[in-house]
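>>> Predicted model and sequence follow; I will ask about them next.
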Amino acid sequence: MSAPEATHPLAAVATPGLRGAAGVAPLRVSLPVRETVQVMVRRGREEAFAAAMEASFGMAPPAPGHTLAGGAVTAIWIQPGGFMLTGAGPGLAERAALAFVGLAAVEDQSHGRTTITVSGPAARAVLARGCRLDLHTRAFGPGRAAMTQIAHIGCLLHQVDDAPSFELTVFSTLAEPFFHWLVEAGSGDGVVIA
Amino acid sequence: MARYSGLRILGEGFRGNSGWQPAWRKPAPKASYDVVVIGGGGHGLATAFYLAEVHGIRNVAVLERGLIGQGNTGRNTTIVRSNYMLPENNNFYEHSLKLWEGLEQSLGYNVMMSQRGVINLFHNDAQRNAALRRGNSMRLNGIDAEIIDREGVKAMCPIVDLDNGRYPVMGGLLQRRGGTARHDAVAWGFAHAADARGVDIIEHCEVTGMIAEGGAIQGVRTSRGEIRAPKVGLAVAGHTSTLTEMAGFRVPIETHLLQAFVSEGLKPLIDCVVTFGAGHFYVSQSDKGGLVFGGGLDGYPSYGQRGTLPEAEHVYAAGVSMIPALGRLRGLRSWAGVMDMTPDGSFYICKTPVQGLYMTAGWCYGGFKATPGSGWCHAWTIAKDEPHRLNAAHTLDRFREGRMLDERGNGPFFWAQ
Amino acid sequence: MTQPHRLATGGHVDRATRLSFSFDGRRYEGHAGDTLASALLANGVRLVGRSFKYHRPRGIFSAGVEEPNALVELREGARREPNTRATVAELFDGLSATSQNRRGSLAFDWMAVNGLLSPWLGAGFYYKTFMWPAAFWERVYEPMIRKAAGLGRASRLPDPDHYDAAHAHCDVLVVGAGAAGLAAARAAGATGARVILMEQDFMLGGDLLNEPGLEAWRRETVAALAAMPEVTLMPRSTVFGFYDQGVLGAVERLADHLAEPPPHTPRQRYWTIRAKEVVLATGAHERLIAFPGNDRPGVMLAGAARTYARRYGVRAGETAALFATHDGAYDAAFAIAEAGARIAAIIDPRSDSAAMQRAREAGFSVKAGSVVSGTMGGNALRGIAIGAQGSGARGDAVPVDLLMVAGGWNPAVHLASMSGAALAWDEALHTFVPGTPVQRERSAGACRGVNGIGAAAADGAAAGRDAAIAAGFAAGPDNTLPDTLAADHCSYPVWEVKGRGKAFVDLQDDVTTNDIRLAHREGFSHIEHAKRYTTHAMGTDQGKTGGIVGAAVLAEARGEPVAKVGLPRFRPYTAPIAWGAMAGQEVGKHFQPVRRTSLHAVHDAAGAVWMDAGIWKRPAYYPKREDADAWASVLREARAVRQRVGICDVSTLGKIAVEGPDAATFLDRVYANTFSTLPVGRARYGLMLREDGIVFDDGTTSRIGPERFFVTTTTAQAGPVMQHLEFHLASAWPDLDVSLASVTDQWAAVAIAGPKAREVVAGMVEGIDLSNDAFPFMAVADCIAAGVPARLFRISFSGELAYEVAMPAGHAAHVWRAAMQVGATHGIEPYGMEALGLLRIEKGHVAGSELNGQTTAHDLGLGRMLKKKGDFIGRVLAQRPGMTDPSRPRLVGLRSVDPRRQIRAGAHLLVDGRDQGWITSATQSVVDPGWIGLGMLREGEARIGSTILAANPLMGEEVPVRVVSPHGYDPENRLVRA
Amino acid sequence: MLRIPCPHCGARDEIEFTYRGDATVARPGPDAGVDAFHDYLYLRTNPRGWQAEWWQHSSGCRAFLKLLRHTVTHEIRAVATATETLEVPGA
């Protein structure tokens, strides 16, 4: 018996359509469905872990403040010795657990975290309404990641491309107020929810 | 020195106000005193006043590094109340409040004590239960307290938004005898009255060292020479550990900063003191018309006397959430005071490991309302070389003995009190 | 409608755009580009306000933020803004303004009688009187004072506008867009640095706006800046404070120049700026001179009169005099003369100067060696008296309706001072300028005493270039700078002209030179004391025009130089800032985020009444139509659990995955009881202490694998416990190999409790033998619940046979519905926090009101849990005498003797009239109907069986209660183990 | 406002961090008595000057850091990870 489809934390509020002003270059918002797995490397096993990462996911562990993509899985640095693996499911947590036996603690956070993608020329200005980081091209860019706080809510932010597009990952129980903030912050330019 | 009165003002007005004398003398320090009080803020000046007034000890010097009343006495939010939960605290603050109630008459100086009522709002059952426990403790100790419902809150302060905020108001704990006073006038009034009783108030006199022999205090070294005294009292909020370091011991104190704010002057808008229970924020209106408001600590040690933006944002956001009409008003000035934070949120008025050295310290952010009570109990402790029952529990040793006075259960964290 | 004082041409107003506005109910017309002040002057309105104490008539004094007099209530209704400076309020069509602080009309304010009483209302008079009789202060004197004090009236309605906050980063922040600021921004921008230029005015240019000859340079520069991709120009933006480490705060006014904000537009936006380097080009405020009657409407700062003429095309008077102390001021006379006014006299205390020569050549009457010794008029200036400098004589009267005063310049050093730089006295300028910077900032132009547009621009360009280089950029190409003759702005220090009548050093707060001298006489001789005693420089203008004049008067009284007296310390804000802006967007309902469990919609659909638990929303209870009141709902839900089965959302409990080779060792050290002995597949109740020995938190922790634990915490302490664990791992035991992950959000959980719980769970769970032997109390196992992977715990908070099902949060609604479906035949009901509380009080389980940070394990009857061997947090300090004192209050159960009489948490427990404890939690019981509670009572155990009083004097209640064991319901735990 | 240089994440605003007390005191060993724990938990030098202190990058990488910070100027002179040592200069 396969599990029924999970309820998305924003299912009730993130209905497709335009919010705010009908601006010329609105912020585009989408809700990718992801598996998210937290990986914490055991003390002194960093090298073995890196080898396992290479073997199983085809990439090295990303450096602090960075992401690396290996095939369908992206690894995001989140803390010293800690990474978030994200990718389309199913079974990412099991894969990681198998890959890192004895090398790292693996916790499935697929339901605990909610990812929102924002994209478009207005993205930086909209994020600046709550994000305290410098996201200017000289200071940030594709492949960069940061754990931070946006509008008083903890957020894992990483830049995907030069559109620019950013992925914002928040605790699922706080996804709704975060989404509300995002829509408010973007209302001057308009927000198109996919 | 002639006393202040309406009649005297009338007479002086006709004479072009030429006959006024300094409110306190500016004497040079003598070589020795019976008691030296370090710190010319409200607490130090009050200590000197009550030493002279209650205990007849008039050969007293108050040593102040800069100007009197320029530390926390001059940079607080002027609130006076005695609404504490623990009997050790509420009895002390009630004694202080009673002193406040007659302070103008005892000092001959109008400190503009205004018993306009202090409301602590609560927003959920847990907060209401805590308010009941506290208020009942007050009542059982003979202190006025009332529980008011939403209508009662509305009647006291109609512009509070009872419903639309994140945390609707359920009611409030009201102490009608609480209120505000004019902070600067408290320092000046105590100085004026202490001076009139013979106390030397010596400004611009920084203490640079303690003179002790055989574990007993003998006097202090200052920027204006050595001053001998068999008894020395410390009343230097925010800088206590600097002075105790000179005396050779450490204390359970960490210095933190607390911001306060004032708005532009307004016609009467808020007639009482209101404290938001769902975010650090409190507000009252001064006699001059400015809304005086503040919030929580900035969260890390500082002697900097200047605040930072994030805590200010929180204060303003809490304010406008509680009273949405505030949005269009303007903040005029912000400042910060440095606080002696203790690991249980309660104060010290006590003897110290050095014989003859006493202290009133660790006031966290409750120091202003304590001013007369602190001076009174500190003076008692100095005069009798033993604490009064009102401050008997407020020792430095209480942590060693495990007898903390933790009103809110926040634990041994200076920054969480 | 005409604007009789508007010039036909010139300036930066758009005469084609006519804007209608009203002041005190009368309608006027102005133009786009006007401020309210310039439009009022264009219409000949001179009297605009009343002063704070004496209610003296006051006119427009300045043309900027420094305005002390022209404060109005702007807009109406919920948007009314008191104390708005007319001099910076941009005119918009339909603007309405009202004068403030008057009783009666503006022209006849009967509070002006205070002026006659002024000998008795001097500085600090109120400290010396109103003391007798004592009761009169609150009842009579203070209400009188309060009513008289204050300025404008606040609206009592919620502010209808919304606000925004935003964050900025740059290499170089330039504050002020006058000649120095524009040049600085351009020079910095030319290096390729990221530059933000903030200007509080709605036009960029500062004093350049008064220089038609330099308009081309201004336009070209602004256009060049606008074309630079890394330069951001921000007009209408006031930098209000300079904080530590290169952080500045600013407020941008997005919609104050409109009648109301357009849709989706905030009124204002609050900016936090992090700048690598800062160039302060904030200019200077002109200084007043304290002479008798220096406050009459028609007395105006010279630079302001010049600005009204040149920038706004408004003639501020018809017959004007200039009281100048330096050559730089003379352009005001030329400007107002060009505007068509007659110059009646130029009064200058100096004997001669180049500017005086030029003025004479232009045909002006220049009175050298003279001062203005007094003014005449009522609600408007009618004339001035001119006396000889230093003589004290009043001298000749000259009829004028405008007196332009130029006492010199006060550099706007506020931000430099806030950044930590000490101020330095400049002997040539007779003023304070910024000293050595302590942060990465530099001042340029008039704010550091470099006066004259050409000099300021050159200074700014150098500062901008240096700042960019300091931020790591290479110098860019030089730009052309305006070439003007440097005017002599070194003023002749005339602070005060002594004579009969009030001479004000603070116009807004009515502080006179005599008040300052009185303060000195009474011993308030330090500037900080004098300021507080007289309220000098404490108004909304913070003494921008007269602060230093007060210091000078004090200096004279003390017989010391002004430099020695100094200025009071500058504090934020440089100008008053809107409360709403500082609050930003997270206010009202969004003051704090609402945290929701994944079952939120399910509870909503079930009609839950919500309650706040920290930032969480949790169901309090689920009312049904047949319930008479809330208690009926709560009792019904609790009965369902006791008699059948109930289901409750417990997802808010904190959950921490603890994993690693040292996980068991670590838990042994952070818990007061032992976890290393816990078998895999079992849970154990755990108690954590703080290091001071007080109970910190409790919860059940399960062993999922040899090196994997699943720790649960209370809802309130989830964050603090995580931090506590991380801190001790980092600081005390960095050798332990343990990883911690918060999985609170990953796992939702429901409790299924009641005699029928096993049936319900069995009906939805696969893969577990639920028999008591196979899955006993405190067992834990992974399973499939309703088709989704889940983890089943046999734990109980209610005292009934109970299970908790934890599942990935996105599946919780599905599992809940499945349980409801399976449970329907067993009469399952959802229960909320209220019933949960009821059940645990009956059972005697402690919760937040008992674990309140003040109780020890012993107090709570949990002393046996403390392990005897091995270190753990809190072990040592829990042994202090005060912590083990047998007289400490201990947990007891309480039962109202009369079951109908309510007892409440917060009541105190009186034994023989003495306060011996308090009630921590109270509820009605379903097991044995009546009111019961838990409490902390001194000698609690010894008093079991006795009857004492629950006193709640706040509510006038005194209820006899019987002291009982806290574990009233199934004390042997037979049910939970069944 | 403090801008705290996290050794892992770079300079961040103070709101991302939580102060966690004096870093010059260390938790006594299991055999230490009440006095040692009392001093550890309660007694502070509380310097008016340079202080070594614990901060957690709580809204960032969650690492505990040691900061050398001046309590008057708020200047941050050095930052270290939890296991590194910080030299505290004299006043």
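Thanks, I have the structure now. Given the structure is predicted, the values throughout are model-derived calculations rather than measurements.

>>> so where is chain D shaky, pLDDT-wise?
D:91 (pLDDT under 70).

>>> tell me the residue furthest from the middle of it?
Within chain D, residue D:31 marks the point farthest from the mean C-alpha position, 25.2 Å out by C-alpha atoms, centre = their mean.

>>> gap between residue C:254 and residue B:176?
44 Å (C-beta to C-beta, to the nearest Å). C-beta: built from backbone N, CA, C; applies to glycine.

>>> ugh, wrong one, residue C:505
In this view, residue C:505 and residue B:176 are 40 Å apart by C-beta to C-beta.

>>> With neighbour numbers in mind, choose between those two.
More crowded of residue C:505 and residue B:176, by other C-beta atoms under 10 Å in any protein chain shown: residue C:505, with 32 against 15.

>>> Nearest residue to the more buried one in space, please, no chain neighbours.
Leaving aside its sequence neighbours, residue C:505 sits nearest to residue C:550 (C-beta to C-beta, 6 or more residues apart in numbering or on different chains; 3.9 Å).

>>> Could you list every helix and strand that whatever helix or strand that neighbour lives in packs against?
Residue C:550 belongs to helix C:547-558 when assigned by DSSP states H and E. On a contact count with 3 or more C-beta pairs under 8 Å, 6 or more residues apart in numbering or on different chains; DSSP states H and E, helix C:547-558 meets strand C:504-506, helix C:513-521, helix C:527-534, helix C:562-565.

>>> and the shortest one, which strands flank it?
Using DSSP bridges, the strands paired with strand C:504-506 are strand C:511-512 (antiparallel).

>>> same question for the strand it pairs with, mean pLDDT?
Throughout strand C:511-512, pLDDT has a mean value of 96.

>>> centre of the chain versus it, how much separation?
31 Å (C-alpha atoms, centre = their mean, to the nearest Å).

>>> How about stretch C:648-667?
Its chain's C-alpha centre and that of stretch C:648-667 lie 37 Å apart, by C-alpha atoms, centre = their mean.

>>> how long is it from one end to the other?
Chord length of stretch C:648-667, first to last residue, is 28 Å (C-alpha to C-alpha, to the nearest Å).

>>> ok, and does it reach over to chain A?
Yes: contact between stretch C:648-667 and chain A, assessed by C-beta under 8 Å from any C-beta of the partner chain, occurs at C:651, C:657, C:659-661.

>>> What parts of the stretch 301-450 of chain C come near chain B?
Proximity of the stretch 301-450 of chain C to chain B, by C-beta under 8 Å from any C-beta, involves residues residue C:418.

>>> Could I get the full set of strands for the stretch 301-450 of chain C?
C:319-324, C:342-348, C:366-368, C:370-377, C:381-388, C:396-399, C:402-406, C:409-411, C:423-426, C:431-434, C:441-443 (DSSP state E, counting those that start in this stretch).

>>> Can you list the low-confidence ranges for chain A?
Counting by pLDDT under 70, chain A contains low-confidence ranges at A:1-3.

>>> Quick one: classify the residue nearest the centre of it as helix, strand or coil.
Central residue of chain A (C-alpha atoms, centre = their mean): residue A:169, 4.0 Å from the mean position. Here residue A:169 is recorded as strand under DSSP: H, G, I helix; E, B strand; the rest coil.

>>> What residues are bridge-paired with it?
Beta-bridge pairing of residue A:169 under DSSP bridges involves residue A:115, residue A:156.
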